[in-house]
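Student: no FASTA, just this:
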């Protein structure tokens with residue numbers, strides 16, 4: 001199994017990415033603001049299922065790649081670092097907006113809410129890159145079964161993402177009101193996230209080859 005320090009670093013990246021506004025957050029917040037927290041949580045169920053699908057596909061596909069081509073790890077590592085830098089720029093770039101300032105959506109039933117959450121996540125490029133570029137960098141073939149490591153890391157990411165998004169869905173209205181009255185906090189959040197993601201990208205790019 002991966003070392004504790006590696007698991008903590010992975011959890012930090014997973015937390016940083018879920019706090020970076022993207023399609024999932026924007027959709028869940030929109031649903032919570034338009035239709036209430038219950039609708040946001042039902043949509044989150046679909047998002048969670050999308051994560052499970054990505055995790056299983058990545059686990060079985062990447063396992064074969066890492067074992068067959070050891071140096072593929074370096075290519076994946078640099079691609080992941082580049083993507084983190086891109087996310088950092090997206091967080092601090094001029095003109096960026098808060099996901100809590102979104103348009104209203106029509107009211108939908110539970111089945112459609114769940115399905116929309118599922119497909120929003122499946123079509124989310126941030127999730128795809130996370131599982132294909134970032135997650136494999138924390139795999140060490142010498143530490144044990146590669147498939148088991150991937151499933152463990154995927155489970156950690158899903159737990160973090162679902163927990164954070166659930167809290168956001170439940171408190172979207174309060175957060176939206178707070179940010180509307182305190183616009184300076186939006187800039188603070190964006191710069192904090194950008195700094196954390198950029199730091200993780202540098203660490204990842206300069207990490208010694210395994």
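Tutor: Done, it's in. Treat the numbers as computed from the prediction; the structure is a model and nothing was measured. Numbering: from 1, shown residues only.
Student: For the rest of this, base every contact and every neighbour count on C-alpha atoms.
Tutor: Will do.
Student: where do the helices sit along this structure?
Tutor: Counting by DSSP state H, the segments of the chain that form helices are 4-19, 23-35, 37-68, 72-92, 110-122, 125-129, 146-181, 184-205.
Student: highest average neighbour count across those helices?
Tutor: Ranked by mean neighbour count, those are led by helix 23-35 with a mean of 23 (mean count of other Cα atoms under 10 Å).
Student: quick one on the thing from earlier: make TSV out of the helices of the chain and add distance to residue 137.
Tutor: What follows is these, written out as TSV (distance: least, Cα to Cα, whole Å):
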stretch	distance to residue 137
helix 4-19	9
helix 23-35	24
helix 37-68	10
helix 72-92	6
helix 110-122	22
helix 125-129	12
helix 146-181	10
helix 184-205	8
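Student: now stretch 32-41: mean pLDDT?
Tutor: The average pLDDT for stretch 32-41 rounds to 86.
Student: what residues does that stretch touch?
Tutor: Outside stretch 32-41, the residues within contact range by Cα atoms under 8 Å, 6 or more residues apart in numbering are 28-29, 31, 104-107, 110, 113, 166, 169-173.
Student: Out of those, flag the one nearest to residue 13.
Tutor: residue 166 (18.4 Å; Cα to Cα).
Student: From residue 32, how far off is the residue lying closest to the closest one once chain neighbours are set aside?
Tutor: Take residue 166 and drop its neighbours on the chain: the residue closest to it by Cα to Cα, 6 or more residues apart in numbering is residue 41, 6.4 Å away. Counting by Cα to Cα, to the nearest Å, the separation of residue 41 from residue 32 is 8 Å.
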